[in-house]
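Peer 1: just a sequence and a predicted model for now, questions to come.
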Amino acid sequence: AQSVTQLGSHVSVSEGALVLLRCNYSSSVPPYLFWYVQYPNQGLQLLLKYTTGATLVKGINGFEAEFKKSETSFHLTKPSAHMSDAAEYFCAVSPARANSKLTFGKGITLSVRP
Amino acid sequence: SQTIHQWPATLVQPVGSPLSLECTVEGTSNPNLYWYRQAAGRGLQLLFYSVGIGQISSEVPQNLSASRPQDRQFILSSKKLLLSDSGFYLCAWRSAGGTGELFFGEGSRLTVL
């Protein structure tokens, strides 16, 4: 079985500051890992994913995440926050095989202060 | 390219009334289809998924049902809505046999009064 832990429900950063959103997962088999972003009253949009290969993955809007197997983590970062980054962010995990279910974390809300 | 649409975007329904939310996917064939619900502060809850026409798997017991009458059409229904059915409903698809990412629709906001 898989699970995802996103500690805390809200993170606030200043515009231009580093964004760090934490995600830890539990999986009994090699995982696929994902980050999604959701703006108010919209669906979820895929930011980036890790399947195999390079453990540092780059996504849209300047975000990146690093898969660390030893730490069972997949933290999301962005060097410099922009006001438009304010949204809710979800980490998700699935077993690394076809047609397996995604398990989502509870999400974390990012606020960006001017 | 593939697109997913769901409607209506917003609806307000009285308790005990029926519900029908529709989702269609374009630009792909034989997708896996999903219905999720987001209630305030409760994250994403998987309600139903389908791997083919007429094949529906239910994740949680409730007064909702789902149907897949066509390959790229997924419908969420209820005969009698409850207050607890209020929430943001999201349809999603992914390629059968792919690397697992889901692609979501725009969402439908349901308020039951």
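Peer 2: The structure has been received and is ready for your questions.
Peer 1: could you use CA atoms for every contact and neighbour count after this?
Peer 2: Noted.
Peer 1: list the residues that contact the residue most central in space within chain B.
Peer 2: Centroid-nearest residue in chain B: B:W35, 3.0 Å away (criterion: CA atoms, centre = their mean). Taking CA atoms under 8 Å, 6 or more residues apart in numbering or on different chains, we find B:W35 in contact with B:46-49, B:76, B:89-92.
Peer 1: again, but for A:S12
Peer 2: By CA under 8 Å, 6+ apart, the residues touching A:S12 are A:110-113.
Peer 1: measure A:Y89 to B:P69 for me?
Peer 2: To B:P69, A:Y89 is 33 Å away according to CA to CA, to the nearest Å.
Peer 1: no no, B:F48
Peer 2: According to CA to CA, B:F48 and B:P69 sit 14 Å apart.
Peer 1: ok, those two, which is more surrounded?
Peer 2: Between B:F48 and B:P69, counting by other CA atoms under 10 Å in any protein chain shown, B:F48 is the more crowded of the two (22 against 13).
Peer 1: nearest residue to the more buried one in space, please, no chain neighbours.
Peer 2: Excluding the flanking residues, the one nearest B:F48 by CA to CA, 6 or more residues apart in numbering or on different chains is B:S58, at 4.6 Å.
Peer 1: residues near the one you found, how many?
Peer 2: Using other CA under 10 Å, B:S58 has 15 other residues around it.
Peer 1: can you list the residues of chain A near chain B?
Peer 2: Contact residues, chain A versus chain B (CA under 8 Å from any CA of the partner chain): A:32, A:34, A:41-46, A:49, A:51, A:94, A:96-102, A:104-107.
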